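J.: I need the structure of the sequence given here:
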Amino acid sequence: MNFFLSRLKKIIIVFQLLLLLSFTQVHAQAPLVDDLGYKGGSIAGIKKLPNALHFIVMGDWGRNGENYQKEVAAGMGKAAHDLDASFVVATGDNFYPYGVQSTQDYHWISSFETIYTAQSLHVKWYPVLGNHDYGSNPDAEVAYSKISSRWSMPSRYYSNTFTIGSDSVLMIFLDTDPIEKELRGTPYDSVKYKPGYVKAQQQWMEDLLANSEARWKIVVGHHPVYTGGWRKNSDDTKRMKDFLEPIFKKYKVDVYIAGHEHHLEYIKPEGTTHYIISGAASEARPVTVYPVIGKFAAATQGFVTFSITGNQLLLQFINYKDEVINTTLINK
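T.: A predicted model of the protein is given here:
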């Protein structure tokens, strides 16, 4: 009997070792540094500013792994590893087509937990709500923060400040779907779109911007102000521009990051603010470079990396094939 128990224990140990080896091979990532020093990481051509704050920006993504969501997620994991990214920003429409019903909705497993599995993506995620997230229960996405170690959405709109040496970055995360409804004249309801909500959010944002001494001011929202995509000439986009752009100009906001449009884009009109769209983390749609002020546009699945120092901001647009398709260095 002891002989058989001993053999059984050995078999179990061998089986556990094989499982561990298999898991390591699946989840291991390329090393940043080899015997010759830093080589640029697992994404060819990716750049890394020294002593910078690094993060990933993606949006319009939760499709159960379909429409290249898995490929984009894999690339995000590589880029986050190469840069040692501190967090991920999600620009809304986190779960298609109708958001989530609760914290137990299976979408959390099928579109988030089992898709973004790279260890480098087990950092804080800072999402905003999109119009599709309002299809069911937007507060379920807020509530998930209490049971997730990485999903960090304390309320429908919120802010964070990050330090870079002696400098800081203020990031404001807006809830823009109610703003769009307000500008449309949509009737109020008692749960998703209450009277006074938009005005309160606007005052909150302006107070933060007015009192901030941060070196960089970045605002994140779902709906774009400028776009070369489907909604370029839509009334909703024009109204959002008329609402947000004067605030950005008044308080010298450096960057506005949006999704909603399923492409990658960089637009720079006159003034301080740079406009970034990253809404192609699964589906991609046609886009053209915005006339005159457009700097870059790509109708492909992918994401953007940000690297920020006290004086510079490096943008890198990366597609689902792990190719760096645009690099822009912005001086403060």
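
J.: Not counting residues beside it along the chain, what's closest to residue 184?
T.: residue 236 (7.1 Å; C-beta to C-beta, 6 or more residues apart in numbering). Placement of C-beta: from N, CA and C, glycine included.

J.: and residue 256, backbone torsions?
T.: Here is the backbone geometry of residue 256 (degrees, to the nearest 10): phi -120, psi 120.

J.: Confirm for me that it is in contact with residue 272.
T.: No: if you go by C-beta atoms under 8 Å, residue 256 and residue 272 don't touch, sitting 10.4 Å apart.

J.: between these two, what contacts are shared?
T.: Contact with both residue 256 and residue 272 is made by residues residue 248, according to C-beta atoms under 8 Å, 6 or more residues apart in numbering.

J.: Between the two, point out the one with more neighbours.
T.: residue 256 (25 against 14; other C-beta atoms under 10 Å).

J.: got any ranges where this structure has weak pLDDT?
T.: Scanning the chain for pLDDT under 70 picks out the ranges 1-41.

J.: quick revisit: so the residue nearest to residue 184 sits against residue 182, correct?
T.: No: between residue 236 and residue 182 there is no contact under C-beta under 8 Å: 11.5 Å.

J.: between these two, which one's more packed in?
T.: Comparing residue 236 with residue 182 by neighbour count (other C-beta under 10 Å), the higher total belongs to residue 182, at 19 against 16.

J.: in a helix, that's where that one is, yeah?
T.: Yes: counting by DSSP: H, G, I helix; E, B strand; the rest coil, residue 182 is located in a helix.

J.: how much space is there between it and residue 225?
T.: According to C-beta to C-beta, to the nearest Å, residue 182 stands 16 Å off from residue 225.

J.: How about residue 314?
T.: 22 Å.

J.: quick one: which of the two has more around it?
T.: Legend: neighbour count by other C-beta under 10 Å for residue 314 and residue 225, higher for residue 225 (22 against 19).

J.: Can you tell me the SS state at the closest residue to that one other than its chain neighbours?
T.: The shortest distance from residue 225 to any non-neighbouring residue, by C-beta to C-beta, 6+ apart, is to residue 241 (4.6 Å). Secondary structure, three-state DSSP: residue 241 is helix.

J.: where's residue 56 relative to residue 242, distance?
T.: 30 Å.

J.: Could you check which of these two has the larger neighbour count?
T.: Neighbour count, other C-beta under 10 Å: between residue 56 and residue 242, residue 56 has more, with 27 against 11.

J.: residue contacts, that one?
T.: 76, 79, 80, 85, 87, 88, 89, 121, 303, 304, 305, 306.

J.: same thing but at 6 Å, please
T.: 76, 80, 85, 88, 303, 305 (C-beta atoms under 6 Å, 6 or more residues apart in numbering).

J.: Tell me how many other residues crowd the third one.
T.: Under the neighbour criterion other C-beta under 10 Å, residue 85 is assigned a count of 21.

J.: Then the fourth one?
T.: Other residues near residue 88 number 23, with proximity taken as other C-beta under 10 Å.

J.: Surely it and residue 125 touch.
T.: Yes: contact between residue 88 and residue 125 holds when scored by C-beta atoms under 6 Å: they sit 4.7 Å apart.

J.: Which stretches in the stretch 201-332 of the chain count as helices?
T.: Here the stretch 201-332 of the chain has its helices, by DSSP state H, counting those that start in this stretch, at 235-250.

J.: List the beta-bridge partners for residue 169.
T.: residue 162, residue 216 (DSSP bridges).

J.: Tally up the residues packed near it, please.
T.: 22.

J.: before we move on, what about the one 10 residues further on?
T.: By other C-beta under 10 Å, the residues close to residue 179 number 21.

J.: repeat for residue 70
T.: If we define neighbours as other C-beta under 10 Å, then residue 70 has 18 of them.

J.: so what's it up against?
T.: Per C-beta under 6 Å, 6+ apart, neighbours of residue 70: none.

J.: ok so it is a helix residue?
T.: Yes: per three-state DSSP, residue 70 lies within a helix segment.

J.: Numbering from 64 from now on, please.
T.: Yes, from this point I'll number from 64; that puts the last item at residue 133.

J.: what separates it from residue 379, distance-wise?
T.: Distance check for residue 133 against residue 379: by C-beta to C-beta, it reads 21 Å.

J.: same question, residue 146
T.: From residue 146 across to residue 379, the span is 9 Å (C-beta to C-beta).

J.: okay, these two: which has more neighbours?
T.: residue 146 (26 against 22).

J.: Would you check that the more buried one makes contact with residue 116?
T.: No: Residue 146 is not in contact with residue 116 according to C-beta under 6 Å; the separation is 9.9 Å.
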